[in-house]
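**Student:** Sequence and predicted structure are below.
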Amino acid sequence: MNLWNKIRDAATSASADLKGRVSRFNNSKFKDAVMAICALMASADGTIKPEEKRKTIACIGSLDALQSFDAKELKTLFEAHCDAIADDVDIGRINALRAVAKIAGKGEETSSALEVALVIANSDGEFAPEEKDMFKQICRTLKVNAADYGV
């Protein structure tokens with residue numbers, strides 16, 4: 001088996017593993033926290049551009065790990081967090097981080113939410129410095145070391 005096939009198989013296995021873990025967390029706190037994380041990542045540069053919002057919604061809808069959840073509900077939660085951040089960046093982000101904090105210390109829920117955040121952040125092929133800073137802030141909120149996730 002060549003290197004590319006090994007990498008593809010490892011990524012497929014990791015994606016399936018994440019999907020299996022996430023499907024067990026079908027609760028409102030987890031869904032809200034993950035969508036808050038997605039909104040925070042989308043707003044990392046200070047604004048949420050319509051195109052970025054559309055891409056994130058498309059990524060949320062296509063992400064295997066989130067297929068066990070109602071896509072319409074996830075979109076509604078994501079858009080609510082985006083709208084709050086757009087209305088007032090500081091207050092919107094504080095409220096989004098409060099939603100994130102509700103899964104702090106929840107072991108697999110916390111790590112799975114952060115893995116989804118990394119997938120969303122890397123969905124455009126670039127993990128910008130502002131996104132890395134936001135990811136670190138999310139990790140601090142969750143009382144997790146960002147270095148454990150390679151950031």
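**Tutor:** Received the coordinates, thanks.
**Student:** Need the residue closest to the centroid of the chain.
**Tutor:** A117 (2.6 Å; CA atoms, centre = their mean).
**Student:** which element is it on?
**Tutor:** Element membership of A117, judged by DSSP states H and E, is helix 108-121.
**Student:** buried ones in whichever helix or strand E131 is part of?
**Tutor:** Taking DSSP H and E as the criterion, E131 maps to helix 129-141. Residues of helix 129-141 classed as buried: 131, 134-139, 141 (neighbour count, 16 or more other CB atoms under 10 Å). The C-beta positions use only the backbone N, C-alpha and C, and glycine is treated the same way.
**Student:** again with stretch 78-97
**Tutor:** Quick answer for stretch 78-97 (16+ other CB under 10 Å): 78-82, 84-85, 92-93, 95-97.
**Student:** now the helices for the protein?
**Tutor:** 3-23, 28-42, 50-62, 71-87, 89-101, 108-121, 129-141 (DSSP state H).
**Student:** and Y149, which of those helices is closest to it?
**Tutor:** Ranking the helices of the chain by proximity to Y149 (CB to CB) places helix 108-121 first, at 5.9 Å.
**Student:** now that closest one against helix 50-62, angle please.
**Tutor:** Here helix 108-121 points in a direction 130 degrees away from that of helix 50-62 (axes from the mean of the first three to the mean of the last three CA atoms, to 10 degrees).
**Student:** what's the angle from helix 108-121 to helix 71-87?
**Tutor:** 70 degrees.
**Student:** mind listing what's buried in helix 108-121?
**Tutor:** Under 16+ other CB under 10 Å, the buried positions of helix 108-121 are 109-121.
**Student:** same deal with stretch 54-71?
**Tutor:** So stretch 54-71, judged by 16+ other CB under 10 Å, has buried residues 56-57, 59-60, 63, 65-66, 69.
**Student:** In a markdown table: the buried residues of helix 129-141, plus pLDDT and distance to L74.
**Tutor:** Putting the buried residues of helix 129-141 into a markdown table (pLDDT from 0 to 100; distance: CB to CB, whole Å) gives the following:
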| residue | pLDDT | distance to L74 |
| --- | --- | --- |
| E131 | 89 | 20 |
| M134 | 94 | 19 |
| F135 | 93 | 20 |
| K136 | 95 | 24 |
| Q137 | 95 | 22 |
| I138 | 96 | 18 |
| C139 | 95 | 22 |
| T141 | 96 | 20 |
